[in-house]
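# Pasting the sequence and the predicted coordinates here, then a few questions.
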2 protein chains.
Amino acid sequence: MNIVQIIGVEGVPIVKAGDNIAELICRAAEKQGTPVQDGDIIVVTHVVVSRAEGRIVNLSEVVPSAFAKNVAELYGKDPALVEVVLREARSIRRMADGKIITETRHGFVCANSGVDKSNVPGENYVALLPEDPDESARKIRSEIKRLTGCDVAVIISDTHGRPFREGEINVAVGVSGIKPIRDRRGEKDLFGYVLRVKQTAVADELASAAELVIGQADEGVPAAIIRGYKFIKSEDAKATELVRPREKDLFV
Amino acid sequence: MNIVQIIGVEGVPIVKAGDNIAELICRAAEKQGTPVQDGDIIVVTHVVVSRAEGRIVNLSEVVPSAFAKNVAELYGKDPALVEVVLREARSIRRMADGKIITETRHGFVCANSGVDKSNVPGENYVALLPEDPDESARKIRSEIKRLTGCDVAVIISDTHGRPFREGEINVAVGVSGIKPIRDRRGEKDLFGYVLRVKQTAVADELASAAELVIGQADEGVPAAIIRGYKFIKSEDAKATELVRPREKDLFV
């Protein structure tokens, strides 16, 4: 029988710039009786990584460009926030209905370049995505290895809206130690039919599964341990494998 | 501490037209020592529901229209398959690179109107989505209640690709007993900031979580039990709450 467990890591203190996230997570997991084990997948919400890495911007110190001011006026938004969103963007995909959908510097297509107002201390502060979320994941992973001896995979998650469907889901923006896509092309189905188009975005599904314990807590649960899922290991995987190249996208 | 369990239901016999899926799942769950409990969420892959409901089409009996023939020739596809895809569609959203992205009769935007070649017996057969997946979920749910006395929620899942991101994930196409979207607008974050845009598509996240046990099995695992997730009950929820109205979509 196959059982996958999703364990919320509670009791993590509020993460500040310079904090060692790996240590805080390992200690909290230990304290609640579910220490990190070999083969676990640790999903961490990007906003705590951003806080630890100092990727927090004080909007009152941002000088918006004329373009940012125009957009902000058009949509009734804060010009400084629009300026930060534009600075984090490689391109603008849609701007309508008060929404700004951009392609981030990493290649992710999402609202506001992933700039986040929630779970950031101070009224006028926002969190940016980590500079290099795969590198953030790699550091947390190697630090967990150093602290516990356990070989785990790490996923940094963010909350994304999507076309066609209402509601947001969590997806992976950084990975370390796990192949984010499981390629099942060539495998046979129940009746011997060879699958031709099956590539499963397992890192996104794991991020969504983690949200089930991260999102429903009243207090902050910045991380989840996923236990019992047999993933394909990889030392050089990148979350950008989950990004469809623009020229292949039918909904550019 | 908050632990959510995802339990693969193994040993379910191959589902045929007219089979009682609820009974097969309950019996298999019981046999493997994880009987269905109150508060469980049962995620069932749509293809077994389609098989049980006889939503299987023999392509050799389908007479393709001239339009279907044209499209098939253009993309090197089977004209009968294209015909079935078009019959299941309310509109065509994109047709390029050999892909046909449609809006199904239910409103879901996905490849090939959800018509599926895998896990269907017989070389020339395909499975359609259930006629009314919410009604399919409702029937399975009430049958589980009758058989076991347990009040559960049921989600019918399908595998969808998506814009911008590579790889497929599982989403909900039918629900019963659970509100598919958790509206968190108005809740406060860790630092007292009132969330303004947070609506979580929990039914999609649950479908993705279930795929972690459904998708990785070599043998058929047509269903998963998700245990320990506190969801918002609803007697009249519909999976189409997860469909963004076309006029609100920036990527139509």
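Received it, and whenever you're ready, just let me know what you need.
# any idea which residue sits dead centre in chain A?
A:Ser157 (2.0 Å; CA atoms, centre = their mean).
# strands paired with the helix or strand of chain A with the lowest mean pLDDT, and their directions?
Ranking every helix and strand in chain A by mean pLDDT, DSSP states H and E puts strand A:182-183 at the bottom, with a mean of 92. The partner list of strand A:182-183 in its sheet, established with DSSP bridges, is strand A:199-200 (antiparallel).
# helix or strand right after the partner strand?
Past strand A:199-200, further along toward the C-terminus, the next helix or strand under DSSP states H and E is helix A:202-214.
# other SSEs contacting that following helix?
Applying 3 or more CB pairs under 8 Å, 6 or more residues apart in numbering or on different chains; DSSP states H and E, one finds that helix A:202-214 contacts strand A:3-9, strand A:41-45, strand A:153-160, strand A:169-178, strand A:223-227, strand B:3-9, strand B:169-178, helix B:202-214. To be clear about C-beta, it is placed using only N, CA and C from the backbone, and glycine gets the same treatment.
# Including mean pLDDT and distance to B:Thr240, could the ones you listed go into TSV?
Rendered in TSV, the data for these read as follows (pLDDT from 0 to 100; distance: least, CB to CB, whole Å):
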stretch	mean pLDDT	distance to B:Thr240
strand A:3-9	97	27
strand A:41-45	97	29
strand A:153-160	97	21
strand A:169-178	98	17
strand A:223-227	98	29
strand B:3-9	97	25
strand B:169-178	98	9
helix B:202-214	97	11
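# To B:His46, which of those lies closest?
Counting by CB to CB, B:His46 lies closest to strand B:169-178 out of these; the figure is 5.9 Å.
# sorry, back to before: quick one: contacts of the least confident helix or strand of chain A?
Around strand A:182-183, the neighbours that count as contacts under CB atoms under 8 Å, 6 or more residues apart in numbering or on different chains are A:198-200, A:202, A:231-232, B:215-216.
# can you do 10 Å?
For strand A:182-183, the external contacting residues (CB atoms under 10 Å, 6 or more residues apart in numbering or on different chains) are A:195, A:198-203, A:205, A:231-232, B:167, B:215-216.
# who wins for neighbours among these?
A:Ala203 (31 neighbours; other CB atoms under 10 Å in any protein chain shown).
# Touching, it and A:Val173? I think so.
Yes: in this structure, A:Ala203 sits in contact with A:Val173. The criterion is CB atoms under 10 Å, and the distance is 9.4 Å.
# picking that back up, redo the contacts of strand A:182-183 as TSV? Include distance to A:Glu10.
Formatted as TSV, the entries for the contacts of strand A:182-183 read as follows, by distance: CB to CB, whole Å:
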residue	distance to A:Glu10
A:Leu195	39
A:Lys198	36
A:Gln199	34
A:Thr200	30
A:Ala201	28
A:Val202	25
A:Ala203	23
A:Glu205	23
A:Phe231	24
A:Ile232	29
B:Gly167	31
B:Gly215	29
B:Gln216	28
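# In three-state terms, label the nearest residue to A:Tyr193 once chain neighbours are set aside for me.
Residue nearest to A:Tyr193 in three dimensions, not counting chain neighbours: B:Ser118, with 5.6 Å by CB to CB, 6 or more residues apart in numbering or on different chains. Reduced to three states with DSSP: H, G, I helix; E, B strand; the rest coil, the structure at B:Ser118 is coil.
# now do A:Glu241
helix.
# where does the nearest residue to it once chain neighbours are set aside land on pLDDT?
Nearest residue to A:Glu241 in three dimensions, chain neighbours excluded: A:Pro180, at 5.2 Å (CB to CB, 6+ apart). Looking at A:Pro180, its pLDDT stands at 98.
# Tell me how far A:Pro180 lies from A:Ile226.
Separation of A:Pro180 from A:Ile226 (CB to CB, to the nearest Å) stands at 14 Å.
# anything in contact with each of the two?
When contacts are counted by CB under 10 Å, 6+ apart, the set common to A:Pro180 and A:Ile226 consists of A:153, A:155, A:206-207.
# for these, which one is nearest chain B?
Compare each of the shared contacts of A:Pro180 and A:Ile226 with chain B using CB to the nearest CB and the shortest gap goes to A:Leu206, at 7.0 Å.
# Quick one: the shared contacts of A:Pro180 and A:Ile226 as TSV, columns for neighbour count too.
Compiled in TSV, the shared contacts of A:Pro180 and A:Ile226 are given as follows (neighbours: other CB atoms under 10 Å in any protein chain shown):
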residue	neighbour count
A:Ala153	27
A:Ile155	33
A:Leu206	31
A:Ala207	34
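# anything in contact with each of A:Ala203 and A:Val173?
With contacts defined as CB under 10 Å, 6+ apart, the residues adjacent to both A:Ala203 and A:Val173 are A:155-157, A:239, A:242.
# how about these in TSV, adding distance to B:Asn58?
Compiled in TSV, these are given as follows (distance: CB to CB, whole Å):
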residue	distance to B:Asn58
A:Ile155	43
A:Ile156	47
A:Ser157	43
A:Ala239	42
A:Leu242	37
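# ok so, going back, can you give me how far the least confident helix or strand of chain A is from the chain middle?
On the basis of CA atoms, centre = their mean, to the nearest Å, strand A:182-183 is displaced by 20 Å from the centre of the chain it belongs to.
# Does A:Ala68 lie in a helix or a strand, and which?
According to DSSP H and E, A:Ala68 maps onto helix A:66-75.
# Could you look up the next helix or strand downstream of that helix?
Heading C-terminal from helix A:66-75, the first helix or strand you meet, by DSSP H and E, is helix A:79-87.
# ok, now how distant is A:Ala209 from B:Ile6?
Spatial separation of A:Ala209 from B:Ile6 under the definition CB to CB is 7 Å.
# One more: A:Val44?
A:Val44 is 20 Å from B:Ile6, by CB to CB.
# I'd say A:Pro180 and A:Lys233 touch.
No: applying CB under 10 Å as the test, A:Pro180 and A:Lys233 come out as separate, 11.9 Å apart.
# of the two, who's got more company?
For A:Pro180 versus A:Lys233, neighbours defined as other CB under 10 Å are more numerous around A:Pro180 (30 against 12).
# got the contact list for that one?
Residues counted as contacts of A:Pro180 (CB under 10 Å, 6+ apart) are A:134, A:153, A:155, A:171-172, A:174, A:200-207, A:231-232, A:234, A:237-242, B:166-167.
# For the helix or strand hosting A:Val49, which helices and strands make contact with it?
A:Val49 belongs to helix A:46-52 when elements are defined using DSSP H and E. Using 3 or more CB pairs under 10 Å, 6 or more residues apart in numbering or on different chains; DSSP states H and E as the contact definition, the elements that helix A:46-52 packs against are helix A:21-31, strand A:56-58, strand A:125-127, helix A:133-148, strand A:153-160, strand A:169-178.
# Great, nothing more from me.
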